[in-house]
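Engineer: Curious how this folds, go ahead:
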Amino acid sequence: MLNFPAWKVVLILIVLVWGALMALPNAFSDGFLGVAPREPQSDAPQDIAAYEQQLGAAEDSWWPSFLPTGKVNLGLDLQGGVYLLTQIDPEEVAANRLETLQTDIVQALNRDPLIERNVPEQQGTTLPIQLRNAEDMDDALRRLRRINPTVGATGGQKVLSIEQTAPERILVSVSEDAQQALAADAQSTMITIIRRRLDPDGVSEISITPQGDTRIVIEAPGEADPRRIKNILSQAGRLTFNMANTDQSSINAAQATRPPPGFELLEDQLGRLILVNRTPVVTGSDIATASQGRDPDDNSPAVDFRLNGTGAERFGQTTASNRGRIFAIVLDGTVMSAPRINEPIWGGNVQITGDFELEEAQDLADIIEAGELPAKLNFIEERTVGPGLGADSIRAGTNASLIGLALVGVFMIIAYGLIGGFAVGSLLFNIVLILGALSGLGATLTLPGIAGIVLTIGMAVDANVIVFERIREEQQNGRSPTTAVIAGYERALSSILDANITTFIAAAILYLLGSGPVKGFAVTLAIGIVTSVFTAFVVTRWFTAMWLRAARPRKLSI
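Structural biologist: As a prediction, the model looks like this:
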């Protein structure tokens, strides 16, 4: 147990040096490490000056390029920021999916021979279809079931429930099981779209994680504006180009009774009603790129976007065959503009103008390019932590760790003498290894995570206390210092491993089932368990073995 050949010593030194090098960047600023600062979030002179100063410091850095520069990521409770908990409505996801499938349903029933029926109107997650002839029922059911898609790309749960409820009536709906499956499938899609909207350049530290099957957690560190984030995410981003009618007599008739079949009344940005065809010519999926631009007439902010090949061809053909008519650009049920078609529009380049601020135009461009959300996000929890409060939390957590370390160190030296000092030395390496592991893994340190480190200090000492008490018992039974140390480590190993393995399992469960700060605590606890066992059974034992060979004491003062 006390024999440490050269290869073991080399491995121990490699682990300790690796941990120290990985943890070292946390003691220096980004400029000192040569890490380029992020672009300033505003054009304010003080922000630009601070950015240029940090950039100059990074360029003048002498930090070797072969050394690590990664630091421990701080959670929102330590560096400040915005925490949003959002929820997806499975029923809304299902209703939107059913709406997109209506085109396929109509096309299936229109195939030769035509199945005559009424114009179906969707009612939430149901779509009743009334046939004109009962003889067409079997053929209609067969056609509809043939186009019934599955949730996701791997097959399995069918999206639609297709049932005959009367001799001439079919009810197409989305079952509750399918709604839950659609919501779970939409969750991953929404996470991707949210990331594209909030971080279009892919350089920010925004964290977007799932919680369960219908919730999404968004954490934006730093001085993020929660109102802007909520505004960006509150828009579904459903963009369509539809043929429209601005004739006032037609609009008045639609108001007095109901819109003609296949049409609906929508408002523009000024509240004026426009009669819009429900069937879009172009949708958001046909958009290749979107960017903030300028209106050539008055240089005001606008949104430019380019259609892909299919969308550009379809839009060009539609405008060529509808000269003199109106088409509407509709975003989330609001008509953004309704220009008249004077000539065919080929090439797929389109611009949305309006009373936009520069930031609004950029946000709208990001929303359009990111794509349409499968459903609206409901905000159920919001927290904002100021940078000052985060700094106070770091200070309090650091003080707690230092005080705990000092008290433990004093106790170990008083109780176990020199060998207790070896345990304190290994405890310092334990903390360094935890910081190094957090830095290397890119893990996030939260305030509960600091509590996990403090708990780890106590657990590491607990392992040493068990070993030292076993050594004391062996020495009292007449063993020599060397054999007492060997027996103490051998007999304490199984009980300490059992305790740490069960704690590690608990940490794993916390990580899998918890969220946010709870996961931060679980990560530091799990890492601390591994490093504690290593430092207690390897590092402390190595220190003790070297001292026994050098001093050859007749009795341990323990």
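Engineer: Touching, G514 and A522? I think so.
Structural biologist: Yes. Counting by Cβ atoms under 8 Å, G514 does reach A522; the two are 6.2 Å apart. In short, each C-beta sits where N, CA and C put it, glycine included.
Engineer: Settle it for me: which of those two has more neighbours?
Structural biologist: A522 (23 against 16; other Cβ atoms under 10 Å).
Engineer: Now for the more buried one: which residues touch it?
Structural biologist: Shown in contact with A522 (Cβ atoms under 8 Å, 6 or more residues apart in numbering): G452, A507, A508, L510, Y511, G514.
Engineer: contacting residues for the residue lying closest to N73 once chain neighbours are set aside?
Structural biologist: Leaving aside its sequence neighbours, N73 sits nearest to T444 (Cβ to Cβ, 6 or more residues apart in numbering; 4.5 Å). By Cβ under 8 Å, 6+ apart, the residues touching T444 are V72, N73, L74, G75, S207, G520, V523.
Engineer: May I see the buried residues of stretch 9-27?
Structural biologist: Neighbour counts over stretch 9-27 (16 or more other Cβ atoms under 10 Å) mark I12, V15, L16, G19, M22, A23, L24, P25 as buried.
Engineer: Worst mean pLDDT across the helices and strands of this structure, which element?
Structural biologist: Lowest by mean pLDDT, DSSP states H and E among the helices and strands of the chain is helix 45-59, with a mean of 62.
Engineer: so what strands line up beside the next helix or strand after that one?
Structural biologist: Next in sequence after helix 45-59, counting helices and strands by DSSP states H and E, comes strand 73-74. Strand 73-74 has the following strand partners under DSSP bridges: strand 444-445 (parallel).
Engineer: ok now the partner strand, how far from the chain's centre?
Structural biologist: Computed by Cα atoms, centre = their mean, to the nearest Å, the separation of strand 444-445 from the middle of its chain amounts to 15 Å.
Engineer: do the same with stretch 366-380
Structural biologist: Centroid separation for stretch 366-380 versus its chain: 14 Å, with Cα atoms, centre = their mean.
Engineer: Go through that stretch and flag the buried ones.
Structural biologist: D366, I367, I368, E369, A370, G371, E372, L373, P374, A375, K376, L377.
Engineer: ends of that stretch, how far apart?
Structural biologist: 24 Å (Cα to Cα, to the nearest Å).
Engineer: who touches stretch 407-416?
Structural biologist: G420, G421, A423, V424, L427, I457, G458, V461, N464, F468, I558.
Engineer: Tell me the buried residues in it?
Structural biologist: Residues of stretch 407-416 classed as buried by neighbour count (16+ other Cβ under 10 Å): V408, G409, M412, Y416.
Engineer: Please export the C-alpha coordinates of that stretch as CSV.
Structural biologist: Extracted in CSV, the C-alpha atoms of stretch 407-416 (Å, rounded to 0.1, in the frame of the first residue of the first chain):
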residue,chain,number,x,y,z
LEU,A,407,-11.4,25.6,10.4
VAL,A,408,-11.0,22.1,9.0
GLY,A,409,-7.3,22.6,8.7
VAL,A,410,-6.9,23.7,12.3
PHE,A,411,-9.0,20.7,13.5
MET,A,412,-7.0,18.2,11.5
ILE,A,413,-3.6,19.5,12.7
ILE,A,414,-4.7,19.7,16.3
ALA,A,415,-6.3,16.2,16.2
TYR,A,416,-3.8,14.3,14.1
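Engineer: give me the low-pLDDT residue ranges for the stretch 101-250 of the chain?
Structural biologist: Scanning the stretch 101-250 of the chain for pLDDT under 70 picks out the ranges 119, 152-156, 201-205, 222-224.
Engineer: hang on, I meant the stretch 351-500 of the chain
Structural biologist: The stretch 351-500 of the chain contains residues with pLDDT under 70 at 387-388, 390.
Engineer: Give me the distance between the residue nearest to N73 and T540.
Structural biologist: Note on T444: its distance to T540, by Cβ to Cβ, to the nearest Å, is 30 Å.
Engineer: swap in G293?
Structural biologist: G293 sits 66 Å away from T540, taking Cβ to Cβ as the criterion.
Engineer: More neighbours: those two, which one.
Structural biologist: T540 (27 against 16).
Engineer: what pairs with P128 across the strands?
Structural biologist: Residues in a beta bridge with P128, per DSSP bridges, are L171.
Engineer: and it, what is it in contact with?
Structural biologist: P120, E121, R169, I170, L171, V172.
Engineer: Using the three-state scheme, assign R227.
Structural biologist: helix (DSSP: H, G, I helix; E, B strand; the rest coil).
Engineer: That one: neighbour count?
Structural biologist: By other Cβ under 10 Å, 9 other residues sit near R227.
Engineer: That one and S234: what is the separation?
Structural biologist: Applying Cβ to Cβ, the value for R227 to S234 is 10 Å.
Engineer: Mind putting the buried residues of stretch 407-416 into TSV with secondary structure?
Structural biologist: Listed next are those as TSV, based on three-state DSSP:
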residue	secondary structure
V408	helix
G409	helix
M412	helix
Y416	helix
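Engineer: In JSON lines, list those along with distance to A312.
Structural biologist: Shown next, in JSON lines, are the buried residues of stretch 407-416 (distance: Cβ to Cβ, whole Å):
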{"residue": "V408", "distance to A312": "70"}
{"residue": "G409", "distance to A312": "72"}
{"residue": "M412", "distance to A312": "74"}
{"residue": "Y416", "distance to A312": "79"}
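Engineer: G81: which of those residues is nearest?
Structural biologist: Taking Cβ to Cβ as the measure, G81 lies nearest V408 of those, at 32.9 Å.
Engineer: how close does the closest one sit to L402?
Structural biologist: V408 is 11 Å from L402, by Cβ to Cβ.
Engineer: now swap in V9 and tell me
Structural biologist: With distances taken as Cβ to Cβ, V9 is found 30 Å from L402.
Engineer: repeat for P517
Structural biologist: Applying Cβ to Cβ, the value for P517 to L402 is 22 Å.
Engineer: Compare those two (neighbour count), which wins?
Structural biologist: P517 (18 against 11).
Engineer: The more buried one is in contact with D77, isn't it?
Structural biologist: Yes. P517 lies in contact with D77 (Cβ under 8 Å); the separation is 6.5 Å.
Engineer: Overlap in contacts, those two.
Structural biologist: What both P517 and D77 touch, as defined by Cβ under 8 Å, 6+ apart, is the set T446, L447.
Engineer: any idea which residue sits dead centre in this protein?
Structural biologist: I208 (1.5 Å; Cα atoms, centre = their mean).
Engineer: Now do T125: how many residues are near it, please.
Structural biologist: Here the number of neighbours of T125 (other Cβ under 10 Å) works out to 24.
Engineer: Let me know whether it touches E99 as I believe.
Structural biologist: No. Counting by Cβ under 8 Å, T125 does not reach E99; the two are 10.0 Å apart.
Engineer: returning to what we had before: if you count neighbours, what's buried in the helix or strand the residue nearest to the centre of the chain falls within?
Structural biologist: According to DSSP H and E, I208 maps onto strand 207-211. By 16+ other Cβ under 10 Å, the buried positions in strand 207-211 come out as S207, I208.
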